[in-house]
Every structure is written in structure tokens, then in C-alpha cells.
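In: my questions are about this predicted structure, shown below with the sequence.
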Amino acid sequence: MTHAAPLVLVIHGGAGVIKRDMNAAKEKAVRAAMAKALHDGYAQLKAGKSAVDAVTVAIAVLEDDPNFNAGKGSVFTHDGRNEMDAAVMDGEGLRAGAVAGVHRVKNPILLARAVMDHSSHVMLVGDGAEAFAKEQGISLVDPSYFRTEERWQQWQKALKEDNDKKPHADPETAKHFGTVGAVALDGEGHLAAGTSTGGMTDKRWGRVGDSPIIGAGTYANAQCAVSGTGWGEFYLRTVAAHEICMKVSMLGEPIERAAAEVINQEIPSLGGDGGAIALDASGNIAMPFNTDGMYRGWIGADGVAHVAIYDDEPDPSNHPPAPESSDDH
Ligand code: ASP
């Protein structure tokens, strides 16, 4: 069978990266993990597997790495717990699966996938989601597995800021992004998107962000796939991922413009911030963000894993032409 579309995998490891918080060792570890996620996910596409397979595999690699706010290394809630959300969507047939508020699922993206593939529902939360995980033979771990010292310290700092200021209106405590996501285009020309996160540091009251909400942080259809990262409340209010895809599907906008309008105009105009990765059915990539940096990576026809962090590093959306797409400008 001939491939009508190029094979493409794009990932993010969260927006909100702040240069002064980085050090050489952390940067190296992040870049290595991103490259591994790209290689492992792309191998799925090369083997003829689906975009959903590529997205799931790439995200699971990042969930297992403690440097990202997903799976191991998730941020802490106000109660000192790790409470994770994830979603996956198959652009082919608009199938979707999502989980929210899980505490013991080693790889929430695998559970989201199981919800999509093996249940008649789209979204499961909390204990019920974990009961389903058990039934499906998905790995459950002790909640202490998710803890890292770095996230613990970020939480301590947020708690202190809580005492000094108004707790749930404080944008500083909202800054600890690091969610992971992926979008892919497979040999059948199908798109998929997925996102996994620990949410926001110091979140309360069972708060659920945009990542597991289909249309807000995660969306895919036949023409477009998006995974967002940033201040989730604003992605929920703008239904950001769906908004980007509707601009592409219904208005025929180029993906780069559609993504930039939502991420760099609509969300900041409400006071939010963050970024997104977006991919269309021809393999064109967009990676807008309005924070200091966004961990992001892509792999296409050249088979080379490209990783970028800051806004002065070239990527297919800010310094075209992309190596893997000819008509993205
Ligand atoms: N969007 C995520 C949330 O609000 C956070 C992030 O992207 O890091 O839960």
C-alpha cells in the first residue's frame, strides 16, 4: 500500500518552561526523554501501526520520566496527593477515551486508551476509573510511586504562597506546567491526539483541567489533531483544541494560523497562557506558545528526532520550511 500522507509524530512536554529554573543536567534529561518518546512513537508508525498507537506509546514514555508533570513526577494537589488526568482521541471515527482524578494508575494514558477501546463510555473518574483499570489488567502502583522531590518542593512553595495571598486566584501557583501530549499522522492518513497530566500544583476540590476534556485540551478529527498545555481553565473556556480544529475543518484555515489565533490571541485575551501542538492531515505542524518556552519535539520523513525548548529555537511552525513538510509556510 502506498502512503498518501507522510508519517509524522509531534509531542510536547508542557509549556511554562522558565529559563532561570533550568539547569544543564535537567535540560539534557528532558531532551533525551523527548527524543526517546519520538523514536518509540515513530517506530509504531514505521511498523504500520495507527496514529493512536504512536500517541499512546510516546506519552507513556514521558509519563514514566520524572521530569514531566504526568505519571511519575506529577505535581501535588493542595492535599499533598498526585491526581492525574489523561485523554486520547482517534480522529478516525471520532473515538475517544479519558480518565480524571486517578491516584494509582501508573500510565493514565493507557487507561484512557482502554476506556476508548474496551468500554462503552468516554470518560471515567476516580475510584471507578481505577476499578476499571484493575479489570483491564492495567498497572496500578502505590501512590508514593509518583512522588519526586522537585514536585514536593514546588508544592511547599505554593502552600507558602497560599498563606501569603488569596489561594485560588494566584497565577503564580498556577505556573507549574509540564503536561505531556502527542499528535500523530499514520500511514492510513489518520490523525490522533493524546494528553496526560498531573494538572496544576496545589489544585483543590477535585479540580479537573482541560487535558482529559475532549475538545478542550485534546481533540482529533479527520483533518486536525491538537494537544494543549497551559492554564487549563482557559482552555476549557475556549474549548481550545476543538476551536483550532474547527477553524481548520470548517473554515479551511491553515493549521498554523488556526492554532496561533487560539493560543496567541483568544487565550491571552482572557488572561490565560500556554501552548499547543497541532497537526493536519497533510503533515503540517503548528507549535504555538505564549510562555518563555515549551518542551516540544517532532519527527517526520527524515526520521530524525527534533527537540526544542525556547522560543529562539527553530521549529516547523516558527521557522519554516519544515524538514518533513513542503507546504507549511
Ligand atoms: N493544562 C494542564 C491543566 O490545566 C496543565 C498543564 O498543561 O501543564 O491541568
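Out: Looks like it arrived, so ask away.
In: only C-alpha atoms from now on, for both contacts and neighbour counts.
Out: Will do.
In: the ligand contacts on the protein?
Out: Counting by C-alpha under 6 Å from any ligand atom, the chain comes close to the ligand at 14, 177-179, 199-200, 209-211, 229-232.
In: got those as CSV, with secondary structure, distance to Lys46 and pLDDT columns?
Out: Conversion of the residues of the chain next to the ligand to CSV gives the following (DSSP: H, G, I helix; E, B strand; the rest coil; distance: C-alpha to C-alpha, whole Å; pLDDT from 0 to 100):
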residue, secondary structure, distance to Lys46, pLDDT
Gly14, strand, 26, 94
Phe177, coil, 31, 76
Gly178, coil, 28, 86
Thr179, coil, 26, 96
Gly199, coil, 32, 96
Met200, coil, 35, 93
Gly209, coil, 33, 96
Asp210, coil, 31, 97
Ser211, coil, 27, 98
Thr229, strand, 27, 97
Gly230, strand, 31, 95
Trp231, coil, 34, 94
Gly232, helix, 33, 95
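In: now render the residues you listed as a markdown table, adding neighbour count.
Out: As requested, these are exported to a markdown table (neighbours: other C-alpha atoms under 10 Å):
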| residue | neighbour count |
| --- | --- |
| Gly14 | 28 |
| Phe177 | 28 |
| Gly178 | 28 |
| Thr179 | 32 |
| Gly199 | 35 |
| Met200 | 29 |
| Gly209 | 25 |
| Asp210 | 30 |
| Ser211 | 36 |
| Thr229 | 32 |
| Gly230 | 33 |
| Trp231 | 25 |
| Gly232 | 25 |
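In: spatially nearest residue to Ile255 (excluding sequence neighbours)?
Out: Nearest non-adjacent residue to Ile255, counting by C-alpha to C-alpha, 6 or more residues apart in numbering: Val248, 6.0 Å away.
In: cool, and Thr148?
Out: Excluding the flanking residues, the one nearest Thr148 by C-alpha to C-alpha, 6+ apart is Gly73, at 5.5 Å.
In: which helix or strand contains that neighbour?
Out: Under DSSP states H and E, no helix or strand contains Gly73.
In: go on, Arg257?
Out: Per DSSP H and E: helix 255-260 holds Arg257.
In: ditto for Arg296
Out: Assigned by DSSP H and E, Arg296 falls in strand 293-299.
In: cool, Phe234 as well?
Out: helix 232-238.
In: show me where the stretch 201-329 of the chain has its helices.
Out: Ranges of helices in the stretch 201-329 of the chain, per DSSP state H, counting those that start in this stretch, are 232-238, 240-249, 255-260, 267-270.
In: which parts of the last one are buried?
Out: Pointing back at helix 267-270 there. Ile267 (16 or more other C-alpha atoms under 10 Å).
In: who's in contact with the residue lying closest to Val55 once chain neighbours are set aside?
Out: Spatial nearest neighbour of Val55, excluding adjacent residues (C-alpha to C-alpha, 6+ apart): Ala182 at 5.3 Å. Listed by C-alpha atoms under 8 Å, 6 or more residues apart in numbering, the contact partners of Ala182 are Leu9, Val10, Ile11, His12, Val55, Ala58, Ile59, Ala193, Gly194, Thr195, Ser227, Ile277.
In: what's the neighbour count on the first one?
Out: Translated: Leu9. Leu9: 31 surrounding residues under other C-alpha atoms under 10 Å.
In: do I have it right that it meets Val183?
Out: Yes: with contact defined as C-alpha atoms under 8 Å, Leu9 and Val183 form a contacting pair (6.0 Å).
In: just the element for the residue nearest to the spatial centre of the chain, please.
Out: The centroid of the chain falls nearest to Gly181 when counting by C-alpha atoms, centre = their mean (2.3 Å). Element membership for Gly181 (DSSP H and E) is strand 180-185.
In: between the very next helix or strand once past that strand and strand 180-185, how many degrees?
Out: Using DSSP H and E, the next helix or strand after strand 180-185 towards the C-terminus is strand 191-197. Orientation check (axes from the mean of the first three to the mean of the last three C-alpha atoms, to 10 degrees): strand 191-197 against strand 180-185 gives 170 degrees.
In: strand 191-197 pairs with which strands, and in what direction?
Out: strand 84-90 (antiparallel), strand 180-185 (antiparallel) (DSSP bridges).
In: residues of it that come out buried?
Out: Leu191, Ala192, Ala193, Gly194, Thr195, Ser196, Thr197.
In: and the strands paired with strand 191-197 as TSV, adding mean pLDDT?
Out: As requested, these are arranged in TSV below (pLDDT from 0 to 100):
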stretch	mean pLDDT
strand 84-90	98
strand 180-185	98
